[in-house]
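*Asks:* Just the structure for this:
(one chain, ligands or ions: 2)
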Amino acid sequence: MRVLVTGGAGYIGSHTLVELLGQAHEVCVLDNYDNSSPEVLNRVRQLSNGQLTDYVGDVRDGSMLDQVMAEFKPDVVIHFAGLKAVGDSMTNPLGYYDVNVRGTLQLLSAMDRHNVRRVIFSSSATVYGEPEYLPYDEAHPTNPTSVYGRTKLVAEQIITDWSRTHDDACAVLLRYFNPVGAHASARMGEHPDGVPNNLMPYIAQVAVGKREALQVFGDDYDTPDGTGLRDYIHVVDLARAHVAAVDYSKRQTGAQVFNVGTGQSYSVHDMVKAFRTASGQPIPCVIKPRRAGDIAAMQANAARANVEMGWKATHDLNDMARSTWDWQSKNPDGYDSAS
Ligand code: NAD
Ligand code: UFG
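*Replies:* Ligands and ions are numbered 1, 2, ... in the order given. The predicted structure is shown next:
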């Protein structure tokens, strides 16, 4: 199939490109490189055979979208392009609504102009908010606690309403849990700009000597070791969920929501321990107060994705830690490292 990937140069997008090309899909990327580097696509091309075209442009730019859709003629769109930092979203709410919501509106309008009826959307487990029960299934109430989470929920609702306007439309709304890890080649991985907000890239930068110590945000939660529990998912498993969603969108209609996680959760201390083993580095930790807005525990019930899309995570915690370490140690400056 012909797959247009917005935000395809990003962390999850780039891994998805390799999996799509590996399944002989024809792929086109639209990215404005707001949070990525053009070097990413060089590496994707080195790792893959197959047809990959790319455009530099903004998903909010309707005429750019018209050009891409007229020239590439996608069968389906995977919509990754967006802003994702929870903290930034609280200080720049309008910027987040503009990219995440207006970007989605512009994309759907362009899809209508070009008769494209299938979309896969990057949503987040953060739309659930404080858990009423765990593991979250897709029927769990949604009550996001950050602006970022609200932009994702609004975008989900817009896409759902759009899907009702065409009998043949299919929208797959993927709610990701915590993506970590890197490609087995160590040629692609996560490259955060500045101080990492997320646990795994922070640990990796401590291990490689770029930062002194991990700050553990709270060890007094009601969890077995007092630190936060999350459902970490290997980015290659997450990428493969998109390939499964593309196939699923051929045989389904309507808006369909799926959790994409492993169904297992690990604490901050579990992650540090796994990383010490993978890297052989000491990884000093200091206990700090809880981070505002954090919840104690999150875990996916990912049964629906398994039953209906035939997708299941296959990488374990050691794969997550080992691949992150491989990527970080071989590319200490991410995509700015010599290639
Ligand atoms: P990322 O920042 O690495 O990738 C996003 C890509 O979109 C980047 O290449 C960026 O340059 C591009 N982009 C941003 N604004 C754009 C615009 N206006 N027009 C065109 N391109 C634009 O992020 P990621 O981790 O790969 O996340 C991809 C998607 O998944 C995002 O929508 C994010 O909100 C969502 N998500 C991520 C996580 C996570 O923890 N990484 C969890 C849940 C959901
Ligand atoms: N943590 C630390 N120290 C750090 C960073 C994180 O102790 O330096 C802890 C957090 O308190 C939390 C756990 O590690 O307990 C995971 O934190 P992350 O920041 O890695 O991930 P979050 O669960 O907070 O959020 C991430 C993304 C969101 C996304 C969500 C989906 O940042 O965008 O996963 O579950 F919505």
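
*Asks:* Tell me which residue in the chain sits closest to ligand 2.
*Replies:* Using Cβ to the nearest ligand atom, the closest approach of the chain to ligand 2 is made by G228 at 2.2 Å. Placement of C-beta: from N, CA and C, glycine included.

*Asks:* separation between that residue and R43?
*Replies:* Distance, G228 to R43, by Cβ to Cβ, to the nearest Å: 32 Å.

*Asks:* and the lowest-mean-pLDDT helix or strand in the chain, which residues are buried?
*Replies:* Every helix and strand in the chain was compared by mean pLDDT, DSSP states H and E; the lowest is helix 86-91, with a mean of 94. Under the neighbour-count criterion of 16 or more other Cβ atoms under 10 Å, helix 86-91 has V86, D88, S89 buried.

*Asks:* Stretch 296-312 too?
*Replies:* Using 16+ other Cβ under 10 Å as the test for burial, stretch 296-312 gives A296, A297, M298, Q299, A300, N301, A302, R304, A305, M309, W311, K312.

*Asks:* Tally up the residues packed near N198, please.
*Replies:* 16 (other Cβ atoms under 10 Å).

*Asks:* and it, what are its phi and psi?
*Replies:* When read as degrees, to the nearest 10, the backbone of N198 gives phi -100, psi 160.

*Asks:* Could you tell me which residues of the protein lie near ligand 2?
*Replies:* 84, 86, 124-126, 177-178, 197-199, 202, 214-217, 228, 230, 268, 291, 294, 298 (Cβ under 6 Å from any ligand atom).

*Asks:* Please check those and keep the buried ones.
*Replies:* Listed as buried from the residues of the chain next to ligand 2 are 84, 86, 124-126, 177-178, 198-199, 202, 214, 216-217, 228, 230, 268, 298; burial here means 16+ other Cβ under 10 Å.

*Asks:* re the thing from before, please verify my assumption that the residue of the chain closest to ligand 2 contacts G293.
*Replies:* No - if you go by Cβ atoms under 8 Å, G228 and G293 don't touch, sitting 11.5 Å apart.

*Asks:* The closest residue to ligand 1 within the chain: neighbour count?
*Replies:* At 1.9 Å from ligand 1, G10 is the closest residue in the chain, using Cβ to the nearest ligand atom. Using other Cβ under 10 Å, the number of residues around G10 comes to 25.

*Asks:* Now for it: which residues touch it?
*Replies:* D31, N35, S36, V40, F80, A81 (Cβ atoms under 8 Å, 6 or more residues apart in numbering).

*Asks:* For those, which two are the farthest from each other?
*Replies:* V40 and A81 (13.7 Å; Cβ to Cβ).

*Asks:* which of the two has more neighbours?
*Replies:* The neighbour count for V40 versus A81, taken as other Cβ under 10 Å, is higher for A81 (28 against 25).

*Asks:* hey, C-alpha coordinates of stretch 40-59 in PDB?
*Replies:* The C-alpha trace of stretch 40-59 is given here as PDB (Å, rounded to 0.1, in the frame of the first residue of the first chain):
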ATOM      1  CA  VAL A  40      17.200  10.200  10.200                       C
ATOM      2  CA  LEU A  41      15.900   9.400   6.700                       C
ATOM      3  CA  ASN A  42      19.500   8.700   5.500                       C
ATOM      4  CA  ARG A  43      19.700   6.000   8.100                       C
ATOM      5  CA  VAL A  44      16.300   4.600   7.300                       C
ATOM      6  CA  ARG A  45      17.400   4.400   3.600                       C
ATOM      7  CA  GLN A  46      20.600   2.600   4.600                       C
ATOM      8  CA  LEU A  47      18.600   0.100   6.600                       C
ATOM      9  CA  SER A  48      15.800  -0.500   4.100                       C
ATOM     10  CA  ASN A  49      15.200  -1.400   0.500                       C
ATOM     11  CA  GLY A  50      12.000  -0.100  -1.100                       C
ATOM     12  CA  GLN A  51      10.500   3.200  -2.000                       C
ATOM     13  CA  LEU A  52      10.800   6.100   0.400                       C
ATOM     14  CA  THR A  53      10.000   9.700  -0.800                       C
ATOM     15  CA  ASP A  54      10.000  12.700   1.500                       C
ATOM     16  CA  TYR A  55       8.700  16.300   1.700                       C
ATOM     17  CA  VAL A  56       9.800  19.000   4.100                       C
ATOM     18  CA  GLY A  57       6.700  20.700   5.200                       C
ATOM     19  CA  ASP A  58       4.200  21.400   8.000                       C
ATOM     20  CA  VAL A  59       1.100  19.400   8.600                       C
END
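
*Asks:* what's in contact with that stretch?
*Replies:* For stretch 40-59, using Cβ under 8 Å, 6+ apart, the contacting residues are 6-10, 14, 17-18, 21-22, 24-33, 38, 64-65, 67-68, 72, 79, 81, 99, 103, 106-107, 183, 185, 187-188, 335, 339.
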